[in-house]
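S.K.: Sequence first, then the predicted structure:
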Amino acid sequence: MGPWTESVYCRLDALPCAPEALAGLILSPGEREHWRSMRAVAKRRQEWLLGRAVAKETVRALLARIMEAPPAPAQIEILPDSYGCPKVHYCGAALQGAPAPALSIAHSQGTAVALGILDPDARVGIDLESLTSRREDFESVAFSPDERGLLAALTPELRQEWALRMWCAKEATGKALGRGLSAGLLAFHITRLDTARGTIEIELRDGALLQCAQLKNMSLNIYTARESDFIFSAIIYYQQGAVRMRPSRQEILDYLLQKMGELTQDWDYPDPVRPESKLFTELGFESLDAVVLCTAIQEHYQTPMPFAELLAEIGQQQRDLSINELTDFVNIHLAAPAGAGTQRRVQ
Ligand SMILES: CC(C)(COP(=O)(O)OP(=O)(O)OC[C@H]1O[C@@H](n2cnc3c(N)ncnc32)[C@H](O)[C@@H]1OP(=O)(O)O)[C@@H](O)C(=O)NCCC(=O)NCCS
């Protein structure tokens with residue numbers, strides 16, 4: 001497990017200050033506009049805000065694994081896509097191209113939780129429900145006869161809790177697919193409960209399979225847990241191949257050091273090229289050498305990256321670029337999802 005595949009979970013049990021004050025502190029301009037124009041009761045507006053607060057902490061904790069200084073909450077913008085699924089964007093030129101983690105949010109009874117993973121190609125879903133607010137009669141609508149059979153096999157003490165775990169498992173799976181439960185509750189078919197481990201297996205059917213055909217004939221494992229009166233569920237699904245395609249930061253650094261060695265072999269340096277070496281002042285790079293290096297990097301990784309903007313920025317700021325900084329730049333842009341700023345060519 002590296003920083004791209006480790007998940008982060010955060011929980012908040014109350015707003016840390018008055019809603020207006022918190023909104024002023026943590027929301028981006030776009031989110032403030034969304035929050036102001038929400039036509040919803042105060043309870044819903046507060047839970048949305050609480051969800052933003054916990055989700056932003058999750059994103060910051062994820063980015064702290066690959067950046068020296070993670071962005072401030074207001075630089076992280078989390079807005080719903082057309083299905084309601086939360087999507088991460090960033091404000092400010094410096095963060096353009098930073099990886100947008102896969103993220104999921106849930107709230108209930110004044111508590112909000114978020115689950116995120118840096119790999120933007122992964123899918124995550126989280127849900128949270130309170131046992132105290134459970135309705136008595138939801139099983140006949142929420143579950144198929146087969147699923148009710150699984151419940152009937154449990155002891156009476158476990159039955160109520162596991163009915164809610166099953167519900168939460170369906171919701172988390174719907175969120176991971178990005179469409180919620182819009183395919184219908186029975187399209188998330190529960191095939192197995194493991195009460196010892198707290199896991200629930202789900203197979204997708206009908207409308208849910210149309211939303212995610214690659215999950216046909218696959219069992220999804222959803223983790224559930226109880227903590228006092230709350231039931232939690234979570235699913236993380238790594239899309240095959242997506243993570244493997246990405247080199248680690250160390251591999252990028254090794255490649256850059258080796259490439260620099262090749263490019264500069266006739267330049268007669270007294271010291272070896274190090275991660276801290278600066279391209280222009282220390283290694284004597286000229287503009288054309290930098291462009292040759294950037295072209296070689298793009299070809300090596302088969303991924304266009306905004307090097308022109310990077311070179312223009314350091315030119316304007318009249319500063320130099322270390323191999324370490326170049327490594328971070330490449331690392332961030334190799335992580336961007338295909339189509340988000342860069343077009344990845346998959347071999
Ligand atoms: C998405 C859904 C599962 C949320 O369940 P819920 O119990 O109402 O609310 P939760 O607190 O668990 O989760 C809410 C969060 O889910 C997230 N969410 C909403 N739609 C989502 C989607 N399509 N994909 C992923 N996440 C979604 C949002 O972050 C939302 O919080 P926010 O709006 O404050 O950011 C549910 O509303 C749903 O399926 N909606 C779409 C279809 C529908 O209404 N079907 C009726 C089924 S009975």
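M.R.: Good, I have the coordinates. Residues are numbered from 1 along each chain as shown.

S.K.: Okay, the nearest residue to Ile190 once chain neighbours are set aside and Gln211: tell me how far apart.
M.R.: Among residues not flanking Ile190 along the chain, Glu147 sits closest, at 4.8 Å (CB to CB, 6 or more residues apart in numbering). (Each C-beta comes from the backbone N, C-alpha and C, glycine too.) Distance, Glu147 to Gln211, using CB to CB, to the nearest Å: 20 Å.

S.K.: Neighbour count: these two, which is higher?
M.R.: Counted by other CB atoms under 10 Å, Glu147 and Gln211 do not tie: Glu147 has more neighbours, with 21 against 17.

S.K.: I'd like to check what contacts the host helix or strand of that one. Which residues are they?
M.R.: Under the criterion of DSSP states H and E, Glu147 resides in helix 145-152. Outside helix 145-152, the residues that touch it by CB atoms under 8 Å, 6 or more residues apart in numbering are Glu139, Ser140, Phe143, Arg159, Trp162, Ala163, Met166, His189, Ile190, Arg192, Leu193.

S.K.: Filter those down to the buried ones, ChimeraX style.
M.R.: Those of the contacts of helix 145-152 that count as buried under 16 or more other CB atoms under 10 Å are selected in ChimeraX with:
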select :139,143,162,163,166,189,190,193
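
S.K.: Show me the contacts of helix 145-152 that map onto strands.
M.R.: Judged by DSSP state E, the contacts of helix 145-152 include His189, Ile190, Arg192, Leu193 as members of strands.

S.K.: Run through the neighbouring helices and strands of the one helix or strand Ile332 maps to.
M.R.: Per DSSP H and E, Ile332 falls inside helix 323-335. The contact analysis (3 or more CB pairs under 8 Å, 6 or more residues apart in numbering; DSSP states H and E) places helix 323-335 against helix 249-263, helix 287-301.

S.K.: Helix, strand, or coil at the residue in the stretch 1-150 of the chain that the ligand sits nearest to?
M.R.: Proximity of the stretch 1-150 of the chain to the ligand (CB to the nearest ligand atom) peaks at Gly84, 2.7 Å away. Secondary structure assignment for Gly84 (DSSP: H, G, I helix; E, B strand; the rest coil): coil.

S.K.: Repeat that for Val113.
M.R.: Recorded secondary structure, Val113: strand (three-state DSSP).

S.K.: Setting the sequence-adjacent residues aside, check what's closest to it.
M.R.: Nearest to Val113 is Arg11, by CB to CB, 6+ apart, at 4.8 Å.

S.K.: ditto for Gly198
M.R.: Once flanking residues are discounted, Gly198 sits nearest to Thr224: 4.9 Å by CB to CB, 6+ apart.

S.K.: Same question for Glu47.
M.R.: Among residues not flanking Glu47 along the chain, His107 sits closest, at 4.3 Å (CB to CB, 6+ apart).

S.K.: in its sheet, what does the strand or helix carrying that neighbour sit against?
M.R.: Take DSSP H and E as the rule and His107 turns out to sit in strand 102-108. Under the criterion DSSP bridges, strand 102-108 sits next to strand 111-117 (antiparallel) in its sheet.

S.K.: Break this structure down into its domains, please.
M.R.: 1-120, 121-244, 249-335 (automatic domain parsing).

S.K.: Next, format those as TSV and append mean pLDDT.
M.R.: Shown next, in TSV, are these (pLDDT from 0 to 100):
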stretch	mean pLDDT
domain 1-120	93
domain 121-244	90
domain 249-335	85
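
S.K.: quick one: buried residues of stretch 212-232?
M.R.: Cys212, Leu215, Leu220, Asn221, Ile222, Tyr223, Thr224, Phe230, Ile231, Phe232.

S.K.: beta partners of the last one?
M.R.: Beta bridges link Phe232 to Leu128, Ala225, judged by DSSP bridges.

S.K.: and the stretch 1-150 of the chain, which residues reach the ligand?
M.R.: Trp48, Gly51, Tyr83, Gly84, Cys85, Pro86, Ser104, Ile105, Ala106, His107, Ser108, Asp127 (CB under 6 Å from any ligand atom).

S.K.: Now the buried members of those residues.
M.R.: Buried among these (16+ other CB under 10 Å): Trp48, Gly51, Cys85, Pro86, Ser104, Ile105, Ala106, His107, Ser108, Asp127.

S.K.: Spatially, which two of those residues are the most separated?
M.R.: Cys85 and Ser108 (18.4 Å; CB to CB).

S.K.: right, and the residue nearest to Val113 touches Leu115 too?
M.R.: No - judged on CB atoms under 8 Å, Arg11 makes no contact with Leu115 at a distance of 10.0 Å.

S.K.: Look at these two and report which has more neighbours.
M.R.: Using other CB under 10 Å as the criterion, Arg11 and Leu115 rank with Leu115 on top: 28 against 15.

S.K.: For that one, which residues are in contact?
M.R.: Taking CB under 8 Å, 6+ apart, one finds Ser7, Val8, Tyr9, Thr58, Leu103, Ser104, Val124, Gly125, Ile126, Ala234, Ile236 in contact with Leu115.
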